[in-house]
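>>> Turn this into a model:
(one chain, ligands or ions: 2)
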Amino acid sequence: MTIQGHEDDELPGEDLAKEFYAKYEIRNILGKGISSTVRRCTEKASGQEFAVKIIDLTVDAESKISKEEERIATKREISQLSACAGHPHIIELHDTFETNAFLFLVFEICQKGELFEYLTEVVTLSEKRTRQIMRQLFEAVEFIHSHNIVHRDLKPENILLDDQLNVKLSDFGFATVVNHDHELTDLCGTPGYLAPEVLKVSMYEDVRGYGRPVDLWASGVIMYTLLVGCPPFWHRKQIYMLRAIMEGRYSFYSPEWDDISDTAKDLIKGLLVVDPEQRLTAVAALAHPFLKSDDVITHDKVIISKKSFKSAALAVIAMRRFHIFHFNPQPIQVAVVKHDPYSVKVIRKFIDAGAFRIYGHWVKKGDNQNRAALFENSPKRDLKDCC
Ligand code: ADP
Ligand code: MG
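Ligands and ions are numbered 1, 2, ... in the order given. Now for the predicted structure:
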């Protein structure tokens with residue numbers, strides 16, 4: 001059955017999902033996975049909006065996993081979500097429905113969508129914004145780890161943002177329970193975010209399994225990506241990328257990393273450590289100086305008079321001028337702009353923003369050492385066709 005006015009996707013027939021349709025009105029698509037579609041929906045009784053993940057158990061002709069396996073996996077996802085319920089930075093599961101052919105998971109809606117889309121829009125995040133997002137992410141990770149759950153698929157696509165841009169960790173499809181940190185052996189996750197020990201356990205016989213630290217590695221990859229808009233490990237040939245991950249080979253290359261603080265780099269270095277035993281835990285990450293800094297804007301705290309707001313604003317402007325004057329005493333030189341425009345930060349940001357619009361998903365598809373290649377003025381087939 002297809003609902004008029006929506007995308008042409010088949011929706012579960014009314015007869016199969018009577019209970020769900022009795023309570024909710026279904027609307028546009030918010031996102032898609034391998035065997036699921038997430039749609040906006042409205043609860044009829046309250047008029048409140050939610051997001052419903054509809055898992056189709058009928059299409060297993062080409063799928064590698066059977067209908068029954070999919071059902072079991074979703075039930076596991078529901079149980080992990082229930083175990084982690086009540087945390088402000090973990091997506092809330094509101095309702096579930098089950099039929100022979102479909103499963104419906106009704107979640108709180110994240111109006112600002114994926115962190116990935118947000119990053120694509122803004123190109124890179126400031127240290128301050130990165131700090132706010134990473135702090136909320138680590139709080140969520142610390143919470144799930146304290147409940148003996150490993151997420152195993154942390155990435156900007158699975159970190160959603162509510163209308164206040166608060167983090168909501170989602171997609172517990174690969175999440176699992178661990179009793180100790182060496183018991184997992186299956187290869188799952190997303191290539192660019194896989195920790196070295198996950199790759200090693202699937203390649204060599206005599207290595208120990210993995211556990212909670214894989215989420216800290218992925219968090220390091222995310223933090224790196226937020227700050228410069230490119231992932232630390234990427235190569236067109238995936239095998240080279242996997243080798244770089246196993247060796248922990250990445251760099252803070254110039255000029256993108258030149259303006260980024262040593263404290264931010266230090267936290268990334270503590271996360272992208274090949275030996276999981278030496279890697280920072282979520283608790284240790286939260287205690288790191290980068291996250292301890294207190295420049296978080298809490299919306300409910302800012303109640304100040306108009307007068308004090310004006311003087312505060314003037315002080316900020318004065319400080320900003322001082323900052324610019326103090327740290328950028330050199331005016332932009334025409335010769336530099338002519339010969340190496342990409343080395344000038346303001347121009348670099350402008351170019352990168354344009355690049356996002358032309359090529360789409362830098363984060364997923366771009367060659368992180370190759371942004372300056374935009375100046376070559378030839379079509380970048382490799383950027384468009386890779387992956
Ligand atoms: P999959 O396991 O198939 O990857 P996800 O749970 O990650 O499924 O959902 C797929 C996409 O749907 C997400 O990446 C996001 O774009 C969108 N989405 C999922 N849940 C929500 C939500 N609660 N609010 C808004 N969008 C959502
Ligand atoms: Mg997902």
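>>> Now do the contacts for residue 106.
Neighbouring residues of residue 106 by CB atoms under 8 Å, 6 or more residues apart in numbering: 24, 41, 50-52, 93-97. Bear in mind the C-beta positions are built from the backbone N, C-alpha and C, glycine included.
>>> Next up, phi/psi of it, please.
With angles defined as degrees, to the nearest 10, residue 106 sits at phi -100, psi 120.
>>> ditto for the one 5 residues further on
Backbone torsions for residue 111, taken as degrees, to the nearest 10, come to phi -60, psi -30.
>>> wait, isn't it in contact with residue 160?
No: judged on CB atoms under 8 Å, residue 111 makes no contact with residue 160 at a distance of 9.3 Å.
>>> Tell me which residues touch residue 154, please.
Residue 154 sits next to 137, 141, 169, 193, 215, 218-219, 222 when contact means CB under 8 Å, 6+ apart.
>>> change it to 6 Å
Contacts for residue 154 (CB atoms under 6 Å, 6 or more residues apart in numbering) come out as 215, 218.
>>> Quick one: classify it as helix, strand or coil.
Using DSSP: H, G, I helix; E, B strand; the rest coil, the structure places residue 154 in coil.
>>> Excluding covalently adjacent residues, which one is nearest to the residue in the stretch 201-350 of the chain that ligand 2 sits nearest to?
Taking CB to the ion as the measure, the stretch 201-350 of the chain has residue 218 as its residue closest to ligand 2, at 13.0 Å. Distance criterion CB to CB, 6 or more residues apart in numbering; nearest residue to residue 218, sequence neighbours excluded, is residue 154 at 3.9 Å.
>>> try residue 111
Closest residue in space to residue 111, ignoring its immediate chain neighbours: residue 163 at 4.3 Å, by CB to CB, 6+ apart.
>>> Burial check on the one you found, number of neighbours?
Here the number of neighbours of residue 163 (other CB atoms under 10 Å) works out to 9.
>>> can you map out the strands along this protein?
24-32, 36-43, 49-56, 93-98, 102-108, 149-150, 159-161, 167-169, 176-177 (DSSP state E).
>>> So for ligand 1, which of those sits nearest?
When the strands of the chain are compared by CB to the nearest ligand atom, strand 24-32 sits nearest ligand 1, at 2.2 Å.
>>> Contact partners for residue 270?
Applying CB under 6 Å, 6+ apart, the residues contacting residue 270 are residue 280.
>>> okay, now residue 140: neighbour count?
So residue 140, with other CB under 10 Å, has 25 neighbours.
>>> that older thread, can you give me the separation between the residue nearest to residue 111 and ligand 1?
Per CB to the nearest ligand atom, to the nearest Å, residue 163 is found 11 Å from ligand 1.
>>> and what of residue 112?
Separation of residue 112 from ligand 1 (CB to the nearest ligand atom): 8 Å.
>>> which stretches of the stretch 251-387 of the chain have low pLDDT?
Scanning the stretch 251-387 of the chain for pLDDT under 70 picks out the ranges 294-387.
>>> For residue 111 and residue 160, work out which one has more neighbours and name it.
Each of residue 111 and residue 160 has its neighbours counted (other CB under 10 Å); residue 160 has more, 28 against 14.
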